[in-house]
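*Asks:* Quick one, what's the 3D model for this:
(one chain, ligands or ions: 1)
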Amino acid sequence: MERITKSTTAGQRARVGVMGGTFDPIHHGHLVAASEVAATFGLDEVIFVPTGQPWQKQHKKVSHSEHRYLMTVVATASNPRFTVSRVDIDRPGVTYTIDTLRDLRRQRPQAELFFITGADALAQIMSWKDVDELWGLAHFVGVTRPGHELPDLGRQDVSLLEVPALAISSTGCRERVAEHQPVWYLVPDGVVQYIAKHQLYLESSEAENA
Ligand code: ATP
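*Replies:* Sure, this is the predicted structure:
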């Protein structure tokens, strides 16, 4: 795919990526995916949006949203194009992407939105709430992820992008911390320190809530 090197100039619509995730914790797989999409699609900004209680993980124990929000702030602080939104964590109830995009559209009526999703999440997209309305709110960019096939949804508003393969998952990071294995270089340094300071993940986070 041709790389777009220039981003928006005066008078053009801002091109804004949206990277939704549980970010429990945020890791370099998320950051590389966002950075690659930003470079390829000439995005002016990528908004990271930590979920409230994700609808797909309703029976899983997820860390407190303020921890996930703050780790995302720490991880993205050094990149001037990366920002973090509280829209999902401040909305009561379960998070659905349709609500995320409706809220961001309201906040950025002029922007062209690009929703970034990994291959695993993209494969599920047809089961997402109000999927028919989703396509009208943003372009969708599916990125490769080791161990997951990129589905071809046959839609013009979905782009597929190969990104450097990082076999990192939040589940794997949590398990490593619980087993006292290092997570240095899997997550940003500040996130390693945040996890240690707040003693996160010392017990396996896969315990059922229900
Ligand atoms: P968990 O292991 O807890 O399910 P996760 O590592 O999948 O978490 P999420 O916060 O659920 O992380 O993912 C947010 C988004 O980032 C999803 O669209 C997911 O597909 C994508 N993503 C996560 N890890 C990677 C990776 N290593 N490479 C590419 N995309 C990724």
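
*Asks:* give me phi/psi at residue 184?
*Replies:* Here is the backbone geometry of residue 184 (degrees, to the nearest 10): phi -50, psi 140.

*Asks:* Could I get the pLDDT score of residue 54?
*Replies:* Predicted confidence (pLDDT) at residue 54: the value is 69.

*Asks:* Report the beta-bridge partners for residue 114.
*Replies:* Beta-bridge partners recorded for residue 114 (DSSP bridges): residue 17, residue 139.

*Asks:* That one: what's it in contact with?
*Replies:* By Cβ atoms under 8 Å, 6 or more residues apart in numbering, the contact set of residue 114 is 15-18, 37, 41, 43, 138-141. All C-beta atoms are positioned from the backbone trio N, CA, C, and that covers glycine.

*Asks:* From those, keep the buried residues only.
*Replies:* 15-18, 37, 41, 43, 138-141 (16 or more other Cβ atoms under 10 Å).

*Asks:* who touches residue 144 in this structure?
*Replies:* 119, 150, 160-163, 165.

*Asks:* tell me the phi and psi of it?
*Replies:* Dihedral angles (degrees, to the nearest 10) for residue 144: phi -70, psi 150.

*Asks:* now do the one 10 residues further on
*Replies:* As for residue 154, its main-chain torsions (degrees, to the nearest 10) stand at phi 60, psi 30.

*Asks:* that older thread, out of the contacts of residue 144, who's near the ligand?
*Replies:* Contacts with the ligand are made by none of those, judged by Cβ under 6 Å from any ligand atom.

*Asks:* quick one: residue 163 from residue 112, how far?
*Replies:* 21 Å (Cβ to Cβ, to the nearest Å).

*Asks:* Count the residues that sit near residue 83.
*Replies:* 15 (other Cβ atoms under 10 Å).

*Asks:* Quick one: residues contacting it.
*Replies:* Residue 83 neighbours (Cβ under 8 Å, 6+ apart): 45-48, 76.

*Asks:* from those residues, which ones fall inside strands?
*Replies:* 45-48 (DSSP state E).

*Asks:* Then residue 31 would be within a strand, right?
*Replies:* No - in this structure, residue 31 is helix, not part of a strand, as judged by DSSP: H, G, I helix; E, B strand; the rest coil.

*Asks:* any idea what sits nearest it, other than its immediate chain neighbours?
*Replies:* residue 75 (6.5 Å; Cβ to Cβ, 6 or more residues apart in numbering).

*Asks:* same deal with residue 115?
*Replies:* residue 138 (4.3 Å).

*Asks:* Hmm, residue 15 and residue 42 touching each other?
*Replies:* Yes - here residue 42 reaches residue 15: they are 6.0 Å apart, a contact under Cβ atoms under 8 Å.

*Asks:* Quickly find the element holding residue 99.
*Replies:* Using DSSP states H and E, residue 99 sits within helix 97-107.

*Asks:* Using CSV, write down the CA coordinates of that helix.
*Replies:* Provided in CSV are the C-alpha atoms of helix 97-107 (Å, rounded to 0.1, in the frame of the first residue of the first chain):
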residue,chain,number,x,y,z
THR,A,97,-18.0,0.3,19.8
ILE,A,98,-21.2,1.9,18.4
ASP,A,99,-21.4,4.2,21.4
THR,A,100,-17.7,5.0,21.3
LEU,A,101,-18.0,6.1,17.7
ARG,A,102,-21.2,8.0,18.2
ASP,A,103,-19.6,9.9,21.1
LEU,A,104,-16.4,10.7,19.2
ARG,A,105,-18.4,11.8,16.1
ARG,A,106,-20.3,14.2,18.3
GLN,A,107,-17.0,15.6,19.7
